[in-house]
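Asker: Build me a structure from this.
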Amino acid sequence: MQKEKDILKWFNGEISSEEIQQLYPNEDFETLQKIGFYSKHLQAPKLDKHKALQAFKHKQTKKTPKVIPLQIKTFLRVAAVLIVFLTASYFIFFNNTKSFSTAVAQTETLQLPDDSEVILNAQSNISFNKKTWKDHRTLNLDGEAFFKVKKGQKFTVQTSVGFVQVLGTQFNVKARDNFFEVTCYEGSVSVTQNSNKTVLTPGKTFRVVNGTIVNVEDLNSNAPSWLLKESSFNNVPLWQVINELQVQYDIVITAKNIDVSVPFTGSFTHTNKNIALQAVTIPLKLSYKINGKNVELYNYEAE
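Answerer: So this is what the prediction gives:
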C-alpha cells in the first residue's frame, strides 16, 4: 500500500516529517516516531578492522568476487525483518484511522465519537483518527456528505479542493472530480479554498467548478434533497448532472455531440432510472438510449 511505502521512506529520511504529516494528517505520529527511533538505533556487530583489511587485500590480489561478511549479512537480515515487524505492528495495533465508504445508490448514517452525525451519499468515503478525535475533530471526505455537528472543539472537513471548519452546525459538502460545493443549513460555516476564505450563513452556498469559483443563488431548504432520494441542481453544468446520475444508478453515460457544459436547473429521482433520465433530458431537448448498463444521450433534433 502507498501509505506503508511513504512511511518507510520517512523512516529512511527520504520524506520530511512535515511532508508525511501533510499526506496523512490523521496518523498517530507519536507512535510512528518511536518505531522510527528504535529502527534507527539498531547496532551492527563489531568487526575486527585488521582482519577485515587483510581479507580485503587478499581478495583484491586474487581478484575474487566481492563477498559480504557473514556477520553483516546476518545483521542486514535481522534489521530488515525487525523494520518490517515494527511497521506491520504499527498498522495492526496502532493504526487508529477509521474509514467508511458507500457504494453506488447507497447512503449510510454514521455517528462520530462526539455524537455528531454524518450521512454519506452514494460512492463517498470519510476517514478520521479515533484516538485524536477528542482534541482534533478532523476528518477527510471524498464524495458527498451531510453533517450535523455537535457544539464543541473546532470541526474540520478536509477535501482535495479545500476544507470546511465549524464549531457546531448543519451543512453539506460535495467534493467530486472538478466539483466542490458547500452549503450551510444552520449556524455558520467557514470554507477555505486555496487562499480564498468564505463564511457561509444559512441558505448560502460556496461552489468551485473546474477550479473557478461560481456564484450561486440562495437556497430555501432545511437539508439537501438527496436525503429524500432526489438530486437537485441549480445552474450546474450538465457533466456534473451526468456524473451524479452514474453515482445514483449503476450506469455509464456517454453524450453524443452534446455540449456537456450547458447549465442545468432541475432535479431527478433516485428511485426510477427512466423517470430520472427523462427529468434531465426533456428540459434540454435531448433523448437517450439504454443498452444494459450503458446509456447514450443525444440531441433528437439532430437525428
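
Asker: contacts, neighbours, all on C-alpha from now
Answerer: Noted.

Asker: List the contacts of the closest residue to Val199 other than its chain neighbours.
Answerer: Spatially, and ignoring its direct neighbours in sequence, Val199 is nearest to Ser190 (4.4 Å; CA to CA, 6 or more residues apart in numbering). The contact partners of Ser190, by CA atoms under 8 Å, 6 or more residues apart in numbering, come to 164-166, 197-200.

Asker: Sort out for me which of those residues are in strands.
Answerer: Mapping these onto strands (DSSP state E) picks out 164-166, 197-200.

Asker: hmm, back to that, check which helix or strand the residue nearest to Val199 maps to.
Answerer: Element membership of Ser190 [criterion: DSSP states H and E] is strand 189-193.

Asker: partner strands of that strand, parallel or antiparallel?
Answerer: strand 163-166 (antiparallel), strand 196-200 (antiparallel) (DSSP bridges).

Asker: want to try CSV for the ones you listed, with distance to Thr107 as columns?
Answerer: Shown next, in CSV, are these (distance: least, CA to CA, whole Å):
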stretch, distance to Thr107
strand 163-166, 21
strand 196-200, 26
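
Asker: closest one to Leu284 among the ones you listed?
Answerer: Of all those, strand 196-200 sits nearest to Leu284, with 31.4 Å by CA to CA.

Asker: What are the buried residues along the closest one?
Answerer: Neighbour-count burial for strand 196-200, counted by 16 or more other CA atoms under 10 Å, picks out 199-200.

Asker: and what of stretch 277-294?
Answerer: By neighbour count on 16+ other CA under 10 Å, the buried set for stretch 277-294 is 277-278, 280-281, 286-288.

Asker: quick check: mean pLDDT across it?
Answerer: On average, the pLDDT along stretch 277-294 is 96.

Asker: Can you give me the first-to-last residue distance of that stretch?
Answerer: 13 Å (CA to CA, to the nearest Å).

Asker: what's it in contact with?
Answerer: Contacts of stretch 277-294 (CA under 8 Å, 6+ apart): 250-254, 264, 266-268, 295-301.

Asker: quick revisit: out of the contacts of Ser190, what pair is the most spread apart?
Answerer: Pairwise distances across the contacts of Ser190 peak at 13.0 Å for Val166 and Lys197 (criterion: CA to CA).

Asker: could the strands paired with strand 189-193 go into TSV alongside distance to Asp142 and mean pLDDT?
Answerer: Formatted as TSV, the strands paired with strand 189-193 follow (distance: least, CA to CA, whole Å; pLDDT from 0 to 100):
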stretch	distance to Asp142	mean pLDDT
strand 163-166	12	96
strand 196-200	20	94
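
Asker: and Asn243, that's in a strand?
Answerer: No - under DSSP: H, G, I helix; E, B strand; the rest coil, Asn243 sits outside any strand and is assigned helix.

Asker: For Thr254, see how far away it is.
Answerer: From Asn243 over to Thr254 (counting by CA to CA), the distance is 10 Å.

Asker: Over to Lys285?
Answerer: Here the criterion is CA to CA. By it, Lys285 lies 16 Å from Thr254.

Asker: same question, Ile126
Answerer: 29 Å.

Asker: go on, Leu23?
Answerer: Leu23 is 35 Å from Thr254, by CA to CA.

Asker: Between those two, which is the more surrounded one?
Answerer: Using other CA atoms under 10 Å, the more surrounded residue of Leu23 and Thr254 is Thr254, with 15 against 12.

Asker: all helices of the stretch 51-200 of the chain, in order?
Answerer: 70-89 (DSSP state H, counting those that start in this stretch).

Asker: pLDDT weak spots in it?
Answerer: Applying pLDDT under 70 to the stretch 51-200 of the chain flags residues 51-95.

Asker: how does it look with 90?
Answerer: 51-96, 167-168, 195-196 (pLDDT under 90).

Asker: That one: strands as residue ranges?
Answerer: With strands called from DSSP state E, counting those that start in this stretch, the stretch 51-200 of the chain shows them at 97-101, 108-111, 117-120, 125-129, 137-148, 155-158, 163-166, 170-176, 179-186, 189-193, 196-200.

Asker: need the contact list for the closest residue in space to Val216 that isn't next to it in sequence.
Answerer: Distances taken as CA to CA, 6+ apart place Thr205 nearest to Val216, at 6.2 Å, with adjacent residues excluded. By CA under 8 Å, 6+ apart, Thr205 lies in contact with 181-184, 216-219.
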